[in-house]
Each structure stands twice: as structure tokens, then as C-alpha cells.
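J.: Requesting a structural model of the entry that follows:
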Amino acid sequence: MNAERIFPFILLAAVSPLAAQQSLEYTHRTTGPAVTAAFEKQRAVLQASSAVLYDDRREVNYGVVISPAGHILTKASEIEGIEKLSVTVDRTNYPEVTVLATDPAWDVALLKVAAEGLVPVEFAETSAVPHGTWVVANGVTSRLRRRALAGVISANSRAIPAEGGVALGVVIRLNDDALIVGEVAGGGAAEKAGIRKDDVILSIDGHAVKKIEDIAEILAERETGDLVEVLCRRGEEEMAFHVTLSAKNEMFAGSMSRNDMMSGDYSRRRSGFPRIIQHDILGSSRVTGGPLLDLQGRCIGMNIARANRAESFTIPVEELREIADRLMKQSSAEQK
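T.: Numbers count the residues shown, from 1 in each chain. A predicted model of the protein is given here:
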């Protein structure tokens, strides 16, 4: 066999092992034991200073411990409507949980459990870290042991506008110049505020509305989390409702993009945040609410949304500290 015939076989033999290797062995993948073992120090911080929230026995999401006395921050929309909410910090479960205050704009809730001597997170001085910086967050946990997942900062910090703009959470039908509520989004802010189907909307924040365009013009100047007063007529009675605005595309089902359909599980609320930092840690909507740590184990933010298969959003530590201080002061004032 001459050299011209032998060379293709040599080339094939040389590249075939590489071509056959489609992925790393399990132990060396991002979620594999060889990788997660390298982040044991950060995992220990998650064990002591992150909380696991449960609906009865079902794990819901995570929280950030911010005081020795049992104050915890978490994602507010993930715990709405839960009747059997409990919290586990380290290996202790606290069955009684009080929601002290919420911030609708950031989708953050301040919780309180009857605890003493908890280990709060250490806040980093800044969230301004370069692209490619390693960060660590909670993975799916066991009953007694936190697990760590690692990734990198993958984009510049930025605002995430409400998808499609903000909405009341109703579908309007126009009849004889009357704006009639034809549908109310289940579980949405309008339903929670008490607005019902067939209510007639008269004004928003004191501005009379007679056309759908009037509502759009008013809402164009509002942001996710803003509270508006909606005056309605129900039968012969006029009633005022206070509605917290949400992102339009997150209010009703059926607005999935092609990317959404490929992304698997993602957060119901994933937009309308004043500023976020972005990372690529794998996870689901259940891993929101917990801290995002740097390699020194310091908290550079709180995970607030799983946006899609490649992007997760985190409230930066600068804003998180402000939110924590404000909600703590708000809850103290309300208790007096």
C-alpha cells in the first residue's frame, strides 16, 4: 500500500478519539463531583447562611440570611399563596415563618423565623466584577446538606425592562364607550386586588379612561411593581382597587417565545428589574432567592430569576443592601 493510501488511515486514527469525545466525563462536568468539590468552602457558606424554603415538604426556593435573629430575604413571587411555608437554615427547620415586608419592584420579601445565633452572609463591597469571574450559588439541595453550583459572570450589569411593558392583569373589551373587564389573569395583581370580570374601569390614578389607548398612555409611564389606584363600577357601586403592576408578557400564559420553549424551567417573573448582574450557573426557577457568592464566600447579590437556559439574573449587592435596610426599617415601623 503506497503512502497516498496509508495517510488517510493514519489521519482517521489520529482524529477519531477526539471526534468520539462528545463531552467530558460526568465527574468533570460543571455539576460533577470533581468540580463541585473544588467549591467546598463556598458550599459551607451556603450551608450556614442560605435558607431553604418549603411548601409543606416541597422545596420552593432559597433565601439569604441577613441577621442572627432570623431575618431572611427571598424572592417574593415564589412564596405567594403558600399556606405551609417553613424554612430550613443549616440543619434546623423553622415551621413558623412571618412575612414582614415586601418590595414589589424588586420582587423581594423579608421573612422572620424564631431563631438566634444564625450566621448572616458577608456582603461584598461591590458587585462590579469582570466577565468570566467565578461565582457560586445553591444547587438543588438535600434535606440536610446544601449543594453548590459554579459558573461565571457572563454579561454587563443592566436594567431588565418589563417584557411587553407593564399591565394591570386584565383583558378589556370595549362596549358603548365603556371599558369592561372581560378577563382577569388568574393569580395576577388585579385578581388579588379584587377586580372581577364585568367590572367597568373608570379611572387610573385619578385619570379618567374611556379608551384602551387611555390606559396604555398611563401605563407607559409606570414600571413593574408600581402601585396604581383603579376606580371601577360594579353594578351601581363605585369601588377603588390598588393594583401592583406586572410585566405584560408574564401576566398571561401563551406568550412563550421559541427560546422559551427550548429553555425548560424558568422563572414566572424574569423581567422588570431596575438592575441585575448576569451569570451562567445551571439551575431552575427553584434556585432563586439564595445568595450569589464570590470565591471568598462573600455575597455579591441575590439570585432573582432564571431567565432561560443560559442566563440567570441576580440583584447586585449594592441594591440588595439598600432593599434589606429599607424593609427592616419598614417592618420595625409597622410593629410599633
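
J.: quick check: longest strand of the chain.
T.: As assigned by DSSP state E, the longest strand anywhere in the chain is strand 148-160.

J.: and that one, how far out from the chain's middle?
T.: Between the centre of strand 148-160 and the centre of its chain there are 13 Å (C-alpha atoms, centre = their mean, to the nearest Å).

J.: Could I have the CA atoms of it written out in CSV?
T.: Presented in CSV, the C-alpha positions along strand 148-160 are these (Å, rounded to 0.1, in the frame of the first residue of the first chain):
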residue,chain,number,x,y,z
ALA,A,148,-23.0,24.3,45.3
LEU,A,149,-23.1,25.1,41.6
ALA,A,150,-20.5,27.2,39.9
GLY,A,151,-20.5,29.4,36.9
VAL,A,152,-19.2,32.7,35.7
ILE,A,153,-20.4,36.3,35.3
SER,A,154,-21.5,36.4,31.7
ALA,A,155,-22.7,40.0,30.9
ASN,A,156,-22.6,43.6,31.9
SER,A,157,-24.9,44.8,34.7
ARG,A,158,-28.0,46.4,33.3
ALA,A,159,-31.7,47.1,33.8
ILE,A,160,-34.2,44.4,32.6
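
J.: Sheet partners, orientation included, of the next helix or strand after that strand?
T.: Using DSSP states H and E, the next helix or strand after strand 148-160 towards the C-terminus is strand 166-167. With DSSP bridges as the criterion, the sheet partners recorded for strand 166-167 are strand 246-247 (antiparallel).

J.: Could you list the residues in contact with the strand it pairs with?
T.: Applying C-beta atoms under 8 Å, 6 or more residues apart in numbering, the external contacts of strand 246-247 come out as 162-167, 169, 188-189, 224, 269, 271-272. C-beta here means a position set from N, CA and C on the backbone, and glycine is covered the same way.

J.: try stretch 316-333
T.: 64, 66, 71, 73, 100-103, 106, 108, 110, 112, 123-127, 157, 274-277, 299-302, 315.

J.: Buried subset of those residues, written for ChimeraX?
T.: To isolate the buried members of the contacts of stretch 316-333 in ChimeraX, using 16 or more other C-beta atoms under 10 Å:
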select :64,66,71,73,100,101,102,103,106,108,110,112,123,124,127,157,274,275,276,277,299,300,301,302,315
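
J.: Tell me where the model's unsure across the stretch 1-150 of the chain.
T.: 1-24, 26-32, 142-143 (pLDDT under 70).

J.: rerun at 90
T.: Residue ranges of the stretch 1-150 of the chain with pLDDT under 90: 1-38, 57, 80-81, 83, 104, 139-147.

J.: Okay, strands next: where are they in it?
T.: Here the stretch 1-150 of the chain has its strands, by DSSP state E, counting those that start in this stretch, at 50-55, 58-65, 71-75, 85-89, 92-94, 97-103, 108-113, 134-138, 148-160.

J.: can you redo those strands as a markdown table with distance to Ser246?
T.: What follows is these, written out as a markdown table (distance: least, C-beta to C-beta, whole Å):
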| stretch | distance to Ser246 |
| --- | --- |
| strand 50-55 | 21 |
| strand 58-65 | 18 |
| strand 71-75 | 14 |
| strand 85-89 | 22 |
| strand 92-94 | 30 |
| strand 97-103 | 14 |
| strand 108-113 | 15 |
| strand 134-138 | 25 |
| strand 148-160 | 14 |
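
J.: Determine which of those strands approaches Val200 most closely.
T.: Nearest of these to Val200, taken as C-beta to C-beta: strand 97-103 at 29.7 Å.

J.: Partner strands of that closest one, with direction?
T.: Sheet pairing here is set by DSSP bridges, and for strand 97-103 it gives strand 108-113 (antiparallel).

J.: ok, Gly187 touching Gly81?
T.: Yes - if you go by C-beta atoms under 8 Å, Gly187 and Gly81 touch, sitting 7.4 Å apart.

J.: between those two, which one's more packed in?
T.: Gly187 (13 against 9; other C-beta atoms under 10 Å).

J.: that's a helix at that one, yeah?
T.: No - counting by DSSP: H, G, I helix; E, B strand; the rest coil, Gly187 is not part of a helix but coil.

J.: Quick one: residues contacting Met302.
T.: Val64, Leu73, Lys75, Val108, Gly289, Gly290, Pro291, Leu292, Thr314, Ile315, Leu320.

J.: Determine which two of the residues you listed are furthest apart.
T.: Val108 and Leu292 (14.2 Å).

J.: Give me the residues contacting the strand or helix carrying His242.
T.: Using DSSP H and E, His242 falls within strand 237-244. Strand 237-244 is contacted from outside by 104, 168-169, 189-190, 192-195, 199, 202, 225-233, using C-beta under 8 Å, 6+ apart.

J.: and it, which strands flank it?
T.: In its sheet, and by DSSP bridges, strand 237-244 pairs with strand 227-234 (antiparallel).
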